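Asker: predicted model follows, preceded by the sequence.
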Amino acid sequence: MVSSSAVVNGVRASLVRLAELIQSKRAVVGVIGLGYVGLPLVRAFAAGGFRCLGFDVDQSKIDKLEAGESYIRHIDSAALAQLISEERFEATADMRRLVEADCIVICVPTPLNDSRDPDLSFIEGTAQTIAKTLRPGQLIVLESTTHPTTTRTNVLPILEATGLKCGDDYFLAFSPEREDPGNPLFQASTIPKVVGGFNEESTDLACSLYGHAVVKVIRVSSLEVAEACKILENTYRAVNIALVNELKVLYDKLGIDVWEVIDAAKTKPFGFQAFYPGPGLGGHCIPIDPFYLTWLARKHGEQTRFIELAGEVNAHMPLYVVNRLAEFLNEQRKPINGSRIAILGVAYKKDVDDPRESPSFELLKLLRARGAVLSYNDPHVPVLPTMRHYPDLPAMNSEDLTPAYLGSQDCIVIATDHSAYDFDFIVTHAKFVLDTRNATRDVRRGREKIRKA
Ligand SMILES: NC(=O)c1ccc[n+]([C@@H]2O[C@H](COP(=O)([O-])OP(=O)(O)OC[C@H]3O[C@@H](n4cnc5c(N)ncnc54)[C@H](O)[C@@H]3O)[C@@H](O)[C@H]2O)c1
């Protein structure tokens, strides 16, 4: 992909050499941050023929990986072990080894801080670490989701402080991760990737690298377009989920099942894409990333009203679910106080083991404040993790879904519709079920025990 004219025109040897290394797949790819995004990416690069070095500050993760053990449910341990035994992948916490990597991909967290502003400390810290061993002929790609201008404003100055020149000595690009954990239809290598570089050469190199590892590369004109693209994708989801959550509340009052409405609407062959309501937004991305843009907009004297309204509607959903539960228990002459309530699913979405930002924690908090006797089940989360924003939740282990346990609960709240659940079995043995995901749509027996929320 790197044009030969660039060589003839006297571009530095570092560019020519790196382009050749990538083209021949002899480039070593370093991935920093071996989490839900970094680990699948290692797999994609290794499958594309590159030797990968994985970096993480969490030594326990490195130890597991070196033992050929995956800590992410949908990443197969056997496949990882094979990559390690074939010396196509090595995991390390020794950041000095970044000098060995020709291409460095950054996949570290981008959370919000306590005042819900972007926390770029992981990105900046990583840039500082890279700067320590930065050498001519390296390509740095940021993949962490962030607001437009981050790569140029927060990463570039740290790398430039080394005295090396971006786009000349080393190269810089942004390529947003689009991982959808738990989705069996897509993995890192089968999802098209958007790439924007600091200059033409950086974009060429990054497009060439990803071209070997993913199904399709979409080249865009700048770092900022690539950054903005990712935030658009996540904001689009947040806003549309808020819309169906709002309609759920209204339609429910009117006695209309919003899920049936959406199923009918999605038969329109154009102009409509189905989004589904739920107990609130979860995960590392959708509840967080749009607020990076809100923060940036405020800095520029602009507002992002859609984003803020969507955040408001989605954040209200756990309380709506609790109010529906109160009504449901009231029909049975029971208060929430003292009732046994079981939450099914504390992962933020179906078939994953990731509890980050899961609305189940807000449900647990609200129900605990109202005196409910709480327990939970999640086949993928055996122990309730300690969450920074929920310090008062008691320690709990996932309960087995036996007939006796189900029957002992005043209500079962379905918060996450894992495929492992047998909803016929659950409804048969439960006294009452509050379904926030339409998970019981195919249950025939015992429908009188089910309410939706
Ligand atoms: N999880 C998703 O589905 C998803 C999808 C698209 C984009 N993203 C974005 O990708 C980025 C990473 O998300 P994730 O879900 O993989 O997070 P994660 O928490 O699963 O993984 C991040 C990893 O980075 C490590 N880490 C933290 N600081 C480090 C440092 N200074 N040096 C090296 N390693 C460090 C952590 O130990 C952790 O293993 C975020 O910006 C996120 O918004 C996530």
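Answerer: Here it is on my side, so go on.
Asker: buried sites along stretch 60-80?
Answerer: Under the neighbour-count criterion of 16 or more other Cβ atoms under 10 Å, stretch 60-80 has 61-62, 64-66, 68, 70, 72-75, 80 buried. C-beta: built from backbone N, CA, C; applies to glycine.
Asker: near the ligand, which of those show up?
Answerer: Among those, the residues that sit close to the ligand (Cβ under 6 Å from any ligand atom) are residue 61.
Asker: show me which of the buried residues of stretch 60-80 is closest to the ligand.
Answerer: The nearest member of these to the ligand, counting by Cβ to the nearest ligand atom, is residue 61 at 5.5 Å.
Asker: what's the neighbour count on the residue of the stretch 251-400 of the chain found nearest the ligand?
Answerer: Residue nearest to the ligand within the stretch 251-400 of the chain: residue 284 (4.5 Å; Cβ to the nearest ligand atom). Residues near residue 284, counting by other Cβ atoms under 10 Å, number 20.
Asker: in a helix, residue 375, correct?
Answerer: No - using DSSP: H, G, I helix; E, B strand; the rest coil, the assignment for residue 375 is strand, not a helix.
Asker: bridge partners for it, pull those for me.
Answerer: residue 342 (DSSP bridges).
Asker: what residues does this protein put near the ligand?
Answerer: Residues of the chain lying near the ligand (Cβ under 6 Å from any ligand atom): 32-38, 55-58, 61, 107-110, 122, 125-126, 144-145, 177, 179, 181, 284-285.
Asker: show me the shaky parts of the chain.
Answerer: For the chain, the stretches flagged by pLDDT under 70 are 1-11.
Asker: show me the contacts for the residue of it found nearest the ligand.
Answerer: Residue nearest to the ligand within the chain (Cβ to the nearest ligand atom): residue 35, separated by 1.8 Å. By Cβ atoms under 8 Å, 6 or more residues apart in numbering, the contact list for residue 35 reads 56, 72, 107, 109.
Asker: ok, and the closest non-adjacent residue to the residue of the stretch 251-400 of the chain closest to the ligand?
Answerer: By the measure of Cβ to Cβ, 6 or more residues apart in numbering, the closest residue to residue 284 outside its immediate chain neighbours is residue 356, 5.0 Å from it.
Asker: is that neighbour within a helix or a strand, and which one?
Answerer: According to DSSP states H and E, residue 356 maps onto no helix or strand at all.
Asker: in this structure it contacts residue 286, no?
Answerer: No - counting by Cβ atoms under 8 Å, residue 356 does not reach residue 286; the two are 11.0 Å apart.
Asker: which one's more surrounded, those two?
Answerer: Neighbours per residue, other Cβ under 10 Å: of residue 356 and residue 286, the larger number sits with residue 286, 22 against 19.
Asker: I figured the more buried one hits residue 236, correct?
Answerer: No - contact criterion Cβ under 8 Å: residue 286 and residue 236 do not qualify, at 9.7 Å.
Asker: what's the helix or strand for residue 252?
Answerer: Residue 252 belongs to helix 223-253, assigned by DSSP H and E.
Asker: for that helix, name the packing helices and strands.
Answerer: strand 171-174, strand 193-197, helix 258-265, helix 289-299, helix 305-331 (3 or more Cβ pairs under 8 Å, 6 or more residues apart in numbering; DSSP states H and E).
Asker: need these in CSV (columns: mean neighbour count).
Answerer: Shown next, in CSV, are those (neighbours: other Cβ atoms under 10 Å):
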stretch, mean neighbour count
strand 171-174, 28
strand 193-197, 25
helix 258-265, 15
helix 289-299, 20
helix 305-331, 18
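Asker: which one of the ones you listed lies nearest to residue 440?
Answerer: Closest to residue 440 of those, according to Cβ to Cβ: helix 258-265, at 10.6 Å.
Asker: picking up where we left off before, among the residues of the chain next to the ligand, which are located in helices?
Answerer: 38, 61, 122, 125-126 (DSSP state H).
Asker: out of the residues you listed, the closest to residue 96 would be?
Answerer: For those, the residue nearest residue 96 by Cβ to Cβ is residue 126; the value is 14.1 Å.
Asker: contacting residues around the closest one?
Answerer: Taking Cβ under 8 Å, 6+ apart as the criterion, residue 126 is in contact with 32-33, 106, 108.
Asker: just the buried members of the residues you listed?
Answerer: Buried by 16+ other Cβ under 10 Å: 32-33, 106, 108, out of those.
Asker: list the buried residues of the helix holding residue 252.
Answerer: 223-224, 226-231, 233-235, 237-239, 241-246, 248-249, 251-252.
Asker: repeat for stretch 131-148
Answerer: 131, 133-134, 137-148.
Asker: tell me the one of those nearest residue 425?
Answerer: The closest of the buried residues of stretch 131-148 to residue 425 turns out to be residue 145 (Cβ to Cβ; 38.4 Å).
Asker: surely the closest one is in contact with residue 286?
Answerer: No - in this structure, residue 145 is not within contact of residue 286 by Cβ under 8 Å, at 10.3 Å.
Asker: mind listing the shared neighbours of these two?
Answerer: Residues touching both residue 145 and residue 286 (Cβ under 8 Å, 6+ apart): residue 234.
Asker: residue 189 and residue 340, how far apart?
Answerer: Going from residue 189 to residue 340 by Cβ to Cβ, to the nearest Å gives 46 Å.
Asker: sorry, wrong one. I was asking about residue 246.
Answerer: Here residue 246 is placed at a distance of 31 Å from residue 340 (Cβ to Cβ).
Asker: what about residue 404, helix or strand, and which?
Answerer: According to DSSP H and E, residue 404 maps onto helix 403-408.
Asker: next SSE after that helix?
Answerer: Following helix 403-408 toward the C-terminus (DSSP H and E): strand 411-414.
Asker: name every strand pairing with that next one and say which way it goes.
Answerer: Next to strand 411-414 in the sheet, as set by DSSP bridges, lie strand 340-344 (parallel), strand 433-435 (parallel).
Asker: tilt between the first one and strand 373-377?
Answerer: If you take axes from the mean of the first three to the mean of the last three Cα atoms, to 10 degrees, strand 340-344 sits at 20 degrees to strand 373-377.
Asker: contacting residues around the helix or strand just after strand 340-344?
Answerer: Sequence-wise, the next helix or strand downstream of strand 340-344 (DSSP H and E) is helix 359-369. Helix 359-369 has contacts (Cβ under 8 Å, 6+ apart) with 278-282, 317-319, 321-322, 325, 336, 341, 343, 345-348, 355, 374, 376, 387, 389-390, 392-394, 413, 415-416.
Asker: what are the buried residues along helix 359-369?
Answerer: 359-368.
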